[in-house]
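1. the sequence isn't on hand, but the structure is:
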């Protein structure tokens, strides 16, 4: 997915503009799934925008209200570190940098 987005950014300069981001994402999804072609593009763009807003509100509200969190809420750091290691990154690298800056 990362390669698809990078290629599209390189090949389609309009996708680089913030106001065209959602339209570009819809174009990529239509290419990937094909089945979305029956839906009007403007409807899909609105769909993507609403999904992004709902995702941000979900993160905001689960952060603000502990009673709304799932059982997996506290495993975020572990999941992130596992993913970093699987991608070839050194887990905890950014925490080490922050600590180093505080020490110096």
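-> Now that the structure is in, tell me what you want to look at. These figures come from a predicted structure and were not determined experimentally. Numbering: from 1, shown residues only.
2. CA only for contacts and neighbour counts going forward, please
-> OK.
3. can you check the pLDDT for the most centrally placed residue in the chain?
-> What sits nearest the mean C-alpha location of the chain, by C-alpha atoms, centre = their mean, is residue 52, with 8.9 Å. In this model, residue 52 is scored at 92, pLDDT.
4. does it sit in a helix, a strand or a coil?
-> The three-state label given to residue 52 by DSSP: H, G, I helix; E, B strand; the rest coil is helix.
5. how about residue 74?
-> From three-state DSSP, the assignment for residue 74 is helix.
6. that one and residue 83: what is the separation?
-> Distance check for residue 74 against residue 83: by C-alpha to C-alpha, to the nearest Å, it reads 16 Å.
7. which of these two has more residues huddled nearby?
-> residue 83 (13 against 10; other C-alpha atoms under 10 Å).
8. and the helix or strand where the more buried one lies, how far out from the chain middle?
-> Secondary structure from DSSP states H and E places residue 83 in helix 76-86. Computed by C-alpha atoms, centre = their mean, to the nearest Å, the chain-centroid distance of helix 76-86 equals 15 Å.
9. what do you get for stretch 78-91?
-> Using C-alpha atoms, centre = their mean, the offset of stretch 78-91 from its chain centre is 16 Å.
10. kindly report the same for stretch 32-48.
-> Counting by C-alpha atoms, centre = their mean, stretch 32-48 comes out at 19 Å from the chain centroid.
11. and that stretch, how far apart are its ends?
-> Start-to-end, stretch 32-48 (C-alpha to C-alpha) is 15 Å.
12. which outside residues touch that stretch?
-> Contact with stretch 32-48 is made by 22, 23, 26, 29, 30, as judged by C-alpha atoms under 8 Å, 6 or more residues apart in numbering.
13. closest one to residue 3 out of the residues you listed, please.
-> When those are compared for distance to residue 3 (C-alpha to C-alpha), residue 29 comes out closest, at 13.6 Å.
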